[in-house]
Every structure is written in C-alpha cells, then in structure tokens.
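Enquirer: Got a predicted structure here, sequence first:
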Protein chains: 2
Amino acid sequence: MTSSKRKCKRIRIDGEKSRERVLESAIRLAAIEGLERLSLSRLAEAAGLSKSGLFGLFGSKEDLQFAIIVKAREVFTHEVVMPALAVPEGAPRLRAFCEGYLDHIALREWPSGCFFASVASEVGGRPGPIRDRVATEQKQWASLLRDSATRAAELGQLRSKESPQQLAFELGVMLTGADIVYLLHRDPEILERVRSALEDRLGKGGSSENGSENSSV
Amino acid sequence: MTSSKRKCKRIRIDGEKSRERVLESAIRLAAIEGLERLSLSRLAEAAGLSKSGLFGLFGSKEDLQFAIIVKAREVFTHEVVMPALAVPEGAPRLRAFCEGYLDHIALREWPSGCFFASVASEVGGRPGPIRDRVATEQKQWASLLRDSATRAAELGQLRSKESPQQLAFELGVMLTGADIVYLLHRDPEILERVRSALEDRLGKGGSSENGSENSSV
DNA sequence: ATTTAGAACGCACGATCGTGCGTATTGATT
DNA sequence: AATCAATACGCACGATCGTGCGTTCTAAAT
C-alpha cells in the first residue's frame, strides 16, 4: 500500500541508480549495526543524501530492509556462490562453497562477518516477514550444500559410511558457527580448523589445485 | 564515577533482591531484542517498576548490560555446565555438555536460542568492553569443551586419528551454528542431526544411560 | 522516638528515531 | 516551449530513547 504507481506511459526510473548506490553502503552498515538498528539518518549521511530523500527512495523502513536483504543476497551470490558454480560438481564444488564462505567472512570489508548469519540471529526471535525472508535465503544456501554433497555421493567422492545430507548439514552449521566465533576473536586459527575439517571430510585439494581459467562459467 | 558509596557503617543492600528480579526478566528480553535494543522503558514495564527506579538500580545502561551478561552466564552455568559436571569426565561429559546445550536452546522459555550466540553476533562487529566480555565468556565455554575432549583422548575414548582440540572445536561451532539455524526454522531435525554428529564422534550412550543420582556434585 | 541512607518514584531534558508534507529541480514527452 | 512525473530536499511532527534531579517512602541504626 506504500507505492502508488498510477498510470504512466514511460517512466524513466533514474532512482534505480541511487538505490544501488545507497544499498552499497547499506549492506555494510546493516551488517554492523543490524537491520533494525540501522537508522535512516546515519545511512543517509554515509550515502551522501538527505534523510527524506533516502526515505522517499524506499517508501518505508521495512521496504528498505527488504531491499538490503535482496542486495546482500546478490553480493553473496556474486562472491561465494557463482565462483563455486565454476568448479566441477560434486565434492570439489562443495569444497568451493565452503572455502568461498570462509574467504568471504575473512574479508576486512565485512567487519561483521556473514550478513545473513548476523541478521538471522537478530530477527530469529521475532517472527515477521523479514525473518521469513531470511529463513528462505538460508534454506536456499543449505540446498546448495546439500545438492553438492548428494552429487558427490553419486560420484563416489565421499566416504561411503557418510550420509551426504548429514555431511552438508554439518558443514553448513560449522560455517555459520565459525562465522560467529570468528567475529568475536578474529583468530585465524578458527578458519584453519574449519579448513582442516573440510580436508578431513572432502580430502585434500584446495581451490588452487585446478586452474580456474579453463572453466566455462 | 557512577557509584558514590561514601562512608557508611552498615548498609543493607536490599536492592540486590530487586536487581535479581529485574535481571530475571532482562535476560529473556535481551535475548529477543538484543542487548542494545533493550529499552529501559520496556524492561521496567516487564519487571513491574518505574523507569527511573530501574535506572537507579544499575546506574547506567552499560552497567545494566554487564549485569545481564553476568546473570545470563549464571543461568547458562546452572542449566548446562553444572549438570554436565556431574557426569563422569571424558567423553561422557563432553557429550553431556553438547546435549545440555541442545536441550537449552530447544527450551520454549528461550525464544531466542542461546543468549551468548545471539549477543555475540550483535556486538561482534562493534569493539568495546561488552564485546570483550562476551568473547571471554565464549572462550571459557570453548575451554570446557576442549578440556573434556583432551581428557577423553587421555582415557582412550576417542578415535585415535582425531585431535581432541579439533574435535572440541568442531562440536563447539556446530552447536553455535545449529543454534542460529534452529532459531530461523525451529525444525527439530536440526537438533537431531547434531545429535547424530555427536553419536558419530562420541559413540552411543545418551544422557539416560548412567543414573545421575549417584554422582557427587 | 529520632535519625538516616538507600529504594523507588514522577517529571522533564535533549537527542534521535521513522514518517509525512510542501516545494524546488530535473529531464523526458508532448 | 510547455507539460508532467519523478527526484531530492528542508522542515516539523509525535514517539521513544537514556539520563539527571528532586521528592517520598521505608526500614535499619541510634
């Protein structure tokens, strides 16, 4: 009920550019402050426009929060998911998902670790549309891991005694837990121990083993 | 500079009772809202006293936040740590720590899962005394797991190929990650999969195996 | 019975929050 | 050139935040 886009023959939505620019700052601010603590004033100041101008771009704070989630998902897809999809399916791709996640949370540009882990624990206790949306995103990420693990099992790349669903689950919660703990201590040993766990379950062979330039997207 | 306790021969601090009563509500509210989103007004209303009365009890909001952390630690110690310390050391105790944690986050009285996991991701990106305190608490919990795993290794209760430090780390981050994910979906399968992981690494034998009444403390 | 220190209160302050309104500015369409 | 819808702005509103101040009440110490 917020947007009233009456009849208009040819609208030139130049505001899209502004929204993108704002969201670029917003995802970083929201990861630190939290989705609800993020204030329009500070975001406006960080993005270089007025508070009311920012408000008008999104219509309401909840719409802004949704847009931030969508933008964060795009970034996560670009930084973690897509590079892994360029790796051969099965165990190597599953490993690439996990290593991509570890590299992602270790980036200095993200002082609050994984955006979705941060937001999940923020809104997890408060039911509502935002929590549902975050839950959906998390499920999709879990599906990526599970599908890769299943394919790895089909290809005979796993220890036979292990259920691929169980393996994908354990890796997923380990990554999330490591993100939280790494957030507190910033101890590289945390990332190394997760990599050891990966090596234990998926065998050796890091991301530097296969040249990544002969892959067709 | 907040407390000015001049010279007084015999003070009867009755306020301790009030503080305890307030903190009882505060830890639950803070787990849902977050340590910083928690407002004095709502907490005062929930605890049944005035806002200024509540403020006077703690001196400042930061002091209140510290008191909440201390209280949450007491609850966690009472609900998770102490029962596990009544279990024979080594693998059974390590298992009791993990199962106690799972039971703890599954409790309906805690709609936001583990207090410390929630607060960790809230303040993890913002350095300061509160984050340092939470980090210290997390380290102590990790030490409990690590010491139990080490003792289990000494007792020959682990698969020899496995480093006890690595085992303790993996279990710890799995618990934290499972807390976050369970917060989002409330799917009992999540808890079951963690229990499967425990069974895989520590063998069968749940908490109901050994009678817990013949234990000294 | 008087004294007295702390507990709890009402009240108000400055700051900041999300939001609505009125108004220039802009660039594409007519 | 004129029209018009969308952008971005300044400003102000009610609400809520953390905090300080002064008063009343209560119970232990004298």
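Expert: Looks like it came in fine. Numbers count the residues shown, from 1 in each chain, chains lettered A, B, ... in the order given.
Enquirer: residues touching the residue nearest the centre of chain A, list them.
Expert: When CA atoms, centre = their mean is applied to chain A, the residue found nearest the centroid is A:Phe76 (3.8 Å). Applying CB atoms under 8 Å, 6 or more residues apart in numbering or on different chains, we find A:Phe76 in contact with A:104, A:114-116. Any C-beta I mention is one placed from the backbone N, CA and C, and that applies to glycine too.
Enquirer: Sketch out the low-pLDDT regions of chain A for me.
Expert: For chain A, the stretches with pLDDT under 70 are A:1-15, A:205-217.
Enquirer: ok, longest helix in it?
Expert: The single longest helix within chain A, with elements called by DSSP state H, is helix A:129-154.
Enquirer: by contact count, what packs against that helix?
Expert: helix A:61-76, helix A:91-106, helix A:115-123, helix A:164-185, helix B:164-185 (3 or more CB pairs under 8 Å, 6 or more residues apart in numbering or on different chains; DSSP states H and E).
Enquirer: need these in TSV with distance to B:Ala142, can you?
Expert: What follows is the helices and strands packed on helix A:129-154, written out as TSV (distance: least, CB to CB, whole Å):
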stretch	distance to B:Ala142
helix A:61-76	27
helix A:91-106	18
helix A:115-123	18
helix A:164-185	8
helix B:164-185	5
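Enquirer: wait, which of those is closest to DNA strand C?
Expert: helix A:61-76 (3.2 Å; CB to the nearest atom of the strand).
Enquirer: With just CA atoms, put the closest one into CSV.
Expert: Once non-C-alpha atoms are left out, helix A:61-76 reads as follows in CSV (Å, rounded to 0.1, in the frame of the first residue of the first chain):
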residue,chain,number,x,y,z
LYS,A,61,12.0,1.4,6.5
GLU,A,62,10.7,-2.1,6.1
ASP,A,63,10.9,-1.8,2.3
LEU,A,64,14.5,-0.6,2.8
GLN,A,65,15.2,-3.6,4.9
PHE,A,66,13.9,-5.9,2.3
ALA,A,67,15.9,-4.2,-0.4
ILE,A,68,19.0,-4.6,1.8
ILE,A,69,18.4,-8.3,2.1
VAL,A,70,18.0,-8.6,-1.7
LYS,A,71,21.2,-6.6,-2.2
ALA,A,72,23.1,-8.7,0.3
ARG,A,73,21.9,-11.8,-1.4
GLU,A,74,23.3,-10.5,-4.7
VAL,A,75,26.6,-9.8,-3.2
PHE,A,76,26.7,-13.2,-1.5
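Enquirer: Quick check: buried residues in that helix?
Expert: By 16 or more other CB atoms under 10 Å in any protein chain shown, the buried positions in helix A:61-76 come out as A:64-69, A:71-73, A:75-76.
Enquirer: which of those sit farthest apart?
Expert: Maximum pairwise distance among the buried residues of helix A:61-76 (CB to CB): 18.5 Å, between A:Leu64 and A:Phe76.
Enquirer: show me the contacts for the residue nearest to A:Ile190 when sequence neighbours are not counted.
Expert: Spatially, and ignoring its direct neighbours in sequence, A:Ile190 is nearest to A:Tyr182 (4.7 Å; CB to CB, 6 or more residues apart in numbering or on different chains). For A:Tyr182, the contacting residues are A:105-106, A:113, A:190-191, by CB under 8 Å, 6+ apart.
Enquirer: Weed out the non-buried ones from the residues you listed.
Expert: Going by neighbour count (16+ other CB under 10 Å), these have A:105, A:113, A:190-191 buried.
Enquirer: closest to B:Glu154 among those?
Expert: A:Ile190 (24.8 Å).
Enquirer: Check the spacing between the closest residue to A:Gly125 other than its chain neighbours and DNA strand D real quick.
Expert: Closest residue in space to A:Gly125, ignoring its immediate chain neighbours: B:Ser112 at 3.4 Å, by CB to CB, 6+ apart. Per CB to the nearest atom of the strand, to the nearest Å, B:Ser112 is found 18 Å from DNA strand D.
Enquirer: Now do B:Ser112 against DNA strand C, distance only.
Expert: Separation of B:Ser112 from DNA strand C (CB to the nearest atom of the strand) stands at 21 Å.
Enquirer: Around DNA strand C, which positions in chain A sit nearby?
Expert: A:9-10, A:12, A:38-42, A:51-52, A:55-56, A:60-62 (CB under 7 Å from any atom of the strand).
Enquirer: If any of the residues you listed are buried, put those into a ChimeraX selection.
Expert: Restricted to buried positions by 16+ other CB under 10 Å, the ChimeraX selection for these reads:
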select /A:38
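Enquirer: Can you flag which of the residues of chain A next to DNA strand C belong to helices?
Expert: Mapping the residues of chain A next to DNA strand C onto helices (DSSP H) picks out A:40-42, A:51-52, A:55-56, A:61-62.
Enquirer: Look up phi and psi at A:Pro111.
Expert: Torsion angles at A:Pro111 (phi, psi; degrees, to the nearest 10) stand at phi -70, psi 0.
Enquirer: That one against A:Ala30, yeah?
Expert: No - using CB atoms under 8 Å as the test, A:Pro111 is too far from A:Ala30 to be in contact (12.0 Å).
Enquirer: which of those two has more neighbours?
Expert: A:Ala30 (26 against 15; other CB atoms under 10 Å in any protein chain shown).
Enquirer: Enumerate every residue touching the more buried one.
Expert: Contacts of A:Ala30 (CB under 8 Å, 6+ apart): A:38, A:65, A:68, A:72, A:115, A:119.
Enquirer: rerun that using 10 Å as the cut-off
Expert: A:23, A:36-38, A:43, A:64-65, A:68-69, A:71-72, A:112, A:115, A:118-119, A:122 (CB atoms under 10 Å, 6 or more residues apart in numbering or on different chains).
Enquirer: ok, so what distance separates A:Glu36 from B:Glu122?
Expert: Between A:Glu36 and B:Glu122 the computed distance is 11 Å (CB to CB, to the nearest Å).
Enquirer: quick one: common contacting residues for the two?
Expert: Common neighbours of A:Glu36 and B:Glu122 (CB under 10 Å, 6+ apart) are A:122, B:33-34, B:37.
Enquirer: Turn those residues into CSV, columns for neighbour count and distance to DNA strand D.
Expert: Converted to CSV, these look like this (neighbours: other CB atoms under 10 Å in any protein chain shown; distance: CB to the nearest atom of the strand, whole Å):
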residue, neighbour count, distance to DNA strand D
A:Glu122, 26, 16
B:Glu33, 20, 9
B:Gly34, 22, 11
B:Arg37, 15, 8
